[in-house]
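In: return a 3D structure for these sequence lines:
(one chain, ligands or ions: 2)
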Amino acid sequence: MAWIDFASDYPDSLVIIAWDAVPTGCTNGSRTGECGKIGGRQASAQNYSQKGSQSLFEIIFLGTSASAPSVKRGLPSQVVKKDEYRFLVDCGEGTQRQILQSGIGFKRLNRILITHAHLDHILGLAGLLSTFLRWETIDELEIYASRLSMERIRELLFGVVLRGGNPPMVLRLREIGPGTIFETDDFSVSAFGVQHRGSESLGYLFEERSRRPFIPAAAEALGLPNGPIRRDLAAGKTVTLPDGRLVAPDEVLGPVRPGTRLAMIGDAGSTDGLARQIRGADGLVIESTYLQEEAGLASEFGHLTARRAAELAVEAGVHQLFLTHISRRYREKDVLLEAQQVFPNVVVARDFDSYQVKKEDPGAKPG
Ligand SMILES: [Zn+2]
Ligand SMILES: [Zn+2]
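Out: Ligands and ions are numbered 1, 2, ... in the order given. As a prediction, the model looks like this:
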């Protein structure tokens, strides 16, 4: 992985406005529970209300159109949220306006993962950086992309937007290949190769770490107080109680449960080899540019049909399929119907939809 850092020469005093569009005290009933989103559909899901990391990933679709925007759909971009982390996956033209309209805000939106550098997936980077030069402030921005993609991104940002100037924040351009690209104690993000017209395209897999659920009843039976003792046991450490008793993690932890997994794939000319990368994922986001009646065009231009995307979902044994990169040439319901005939648990994403992806039963966590 190559890291290229560009420190900012801009003093903080030049920052005029910092806007974070997530409102507080939201009273607008049309918005979601997080007081952030305007319009769009939200999947109903039980929130996991235990303390600590939630065992889920949230996806917010910012742009769901293929190649060019339509009246209702912006160019490709999605946000993946996990606890306090946010990842922008692709940044098509107009993404910054979609960010504003979604209510997500720019704060903490400082990691951008690019699937590939076709213009419908990267032009928004120029607008975003341009805005950051004038109005917005974040301390650091990381852009992850393959070497080939980064070449074009670098030209766009340094050749067109900055033209010899400095970025308004620490800008890290991270050239990546297949493998783990980001990790915390709770989850990791890894990249894998995707075939799409020789674009050195990457898909991204978000994976929670497997863990052993904490069994509150067992802790109660042992008379363990809430707090550090339970947390240490949950972390796999043996603890000594104030009365001298030793308690081993096995006494309060259940069997290992795999974490939630979310796969994000951009454009794809073929699904060969992808099932292996995403097997058993709880959610799969992937393009669906064509219908089967135009499968010839799909292969000519290196894209998938709705049916082919759905077949991948079956082959990989994923739980939920989200189709995006939707062409103006089709009606949404036709895309949905074609996919549903192969894989029933599918939605055709719309701009500003948000979904929670999680395991059916994430298990308990320590109090
Ligand atoms: Zn595209
Ligand atoms: Zn493409």
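In: every contact and neighbour count from this point should use C-alpha atoms.
Out: OK.
In: where does this protein dip in pLDDT?
Out: Residue ranges of the chain with pLDDT under 70: 1-39, 43-54, 136, 360-367.
In: same thing but 80
Out: Flagging of the chain using pLDDT under 80 yields the residue ranges 1-40, 42-54, 136-137, 360-367.
In: could you name the specific helix or strand carrying the most centrally placed residue in it?
Out: Nearest residue to the geometric centre of the chain (Cα atoms, centre = their mean): Val80, 2.6 Å. Counting by DSSP states H and E, the element that carries Val80 is strand 77-82.
In: picking up where we left off before, how close does the residue nearest to the centre of the chain sit to Asn110?
Out: 12 Å (Cα to Cα, to the nearest Å).
In: now do Ile229
Out: Ile229 is 35 Å from Asn110, by Cα to Cα.
In: quick one, the longest helix along the chain and strand 77-82 angle?
Out: Counting by DSSP state H, the longest helix found in the chain is helix 119-134. Counting by axes from the mean of the first three to the mean of the last three Cα atoms, to 10 degrees, helix 119-134 points 70 degrees away from the direction of strand 77-82.
In: picking up where we left off before, the residue nearest to the centre of the chain pairs with what?
Out: Ile59, Phe87 (DSSP bridges).
In: just checking, it touches Leu56?
Out: No: Val80 is beyond contact range of Leu56, at 10.4 Å (criterion: Cα atoms under 8 Å).
In: domain map for this protein?
Out: Following automatic domain parsing, the chain resolves into domains at 2-7+35-211+256-358, 216-251.
In: pick the most deeply packed of the ones you listed.
Out: Among the domains of the chain, the stretch with the highest mean neighbour count (mean count of other Cα atoms under 10 Å) is domain 2-7+35-211+256-358, at a mean of 20.
In: any chance you could list what contacts the next helix or strand along the chain from the longest helix of the chain?
Out: Later in the chain than helix 119-134, the nearest helix or strand by DSSP H and E is strand 140-145. With Cα atoms under 8 Å, 6 or more residues apart in numbering as the test, strand 140-145 has contacts from 110-116, 150, 169-177, 202.
In: all the helices of the chain, residue numbers only.
Out: Assigned helices in the chain, in chain order: 95-102, 119-134, 147-154, 216-221, 228-234, 274-278, 295-300, 306-316, 332-340 (criterion: DSSP H).
In: any idea which of the ones you listed gets closest to Val189?
Out: For those, proximity to Val189 was assessed by Cα to Cα; helix 274-278 is nearest, at 12.4 Å.
In: only C-alpha atoms, please: export the longest helix of the chain in CSV.
Out: Taking C-alpha atoms only, helix 119-134 is exported to CSV below (Å, rounded to 0.1, in the frame of the first residue of the first chain):
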residue,chain,number,x,y,z
LEU,A,119,-16.2,9.2,-14.6
ASP,A,120,-19.6,8.4,-13.2
HIS,A,121,-17.9,7.1,-10.1
ILE,A,122,-15.3,9.8,-9.4
LEU,A,123,-16.2,13.2,-10.8
GLY,A,124,-17.8,14.1,-7.5
LEU,A,125,-14.4,14.1,-5.9
ALA,A,126,-13.5,17.3,-7.7
GLY,A,127,-16.6,19.1,-6.5
LEU,A,128,-16.2,17.8,-3.0
LEU,A,129,-12.6,19.0,-2.8
SER,A,130,-13.5,22.3,-4.4
THR,A,131,-16.1,22.8,-1.6
PHE,A,132,-13.7,21.8,1.1
LEU,A,133,-11.3,24.5,-0.3
ARG,A,134,-13.9,27.2,0.4
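In: distance from the chain centre to it, please.
Out: 19 Å (Cα atoms, centre = their mean, to the nearest Å).
In: who touches that helix?
Out: Outside helix 119-134, the residues touching it (Cα under 8 Å, 6+ apart) are 15-16, 66-68, 75-77, 90-96, 114-116, 138, 153, 156-157, 160-161, 167-168.
In: that older thread, intersection of neighbour lists for Val80 and Asn110?
Out: Residues touching both Val80 and Asn110 by Cα under 8 Å, 6+ apart: Arg86, Phe87, Leu88.
In: how about these in TSV, adding distance to Met264?
Out: TSV is the format used below for these (distance: Cα to Cα, whole Å):
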residue	distance to Met264
Arg86	14
Phe87	11
Leu88	11
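In: ok, of the residues you listed, which one's closest to Gln341?
Out: Nearest to Gln341 out of those is Leu88 (Cα to Cα; 31.0 Å).
In: show me what contacts the closest one?
Out: Contacts of Leu88 by Cα under 8 Å, 6+ apart are Ser77, Gln78, Val79, Val80, Leu109, Asn110, Arg111, Ile112, Leu113.
In: let's see it at 10 Å
Out: 59-62, 77-81, 95, 99, 109-114, 143 (Cα atoms under 10 Å, 6 or more residues apart in numbering).
In: now swap in Val189 and tell me
Out: Neighbouring residues of Val189 by Cα under 10 Å, 6+ apart: 179-183, 204-208, 261-263.
In: what bridges to the closest residue in space to it that isn't next to it in sequence?
Out: Of all residues not flanking Val189 in the chain, Phe206 sits nearest, at 4.6 Å (Cα to Cα, 6 or more residues apart in numbering). When bridges are called by DSSP bridges, Phe206 pairs up with Val189, Leu262.
In: mind checking how far stretch 99-110 is from the chain centre?
Out: The answer for stretch 99-110 is 14 Å, by Cα atoms, centre = their mean.
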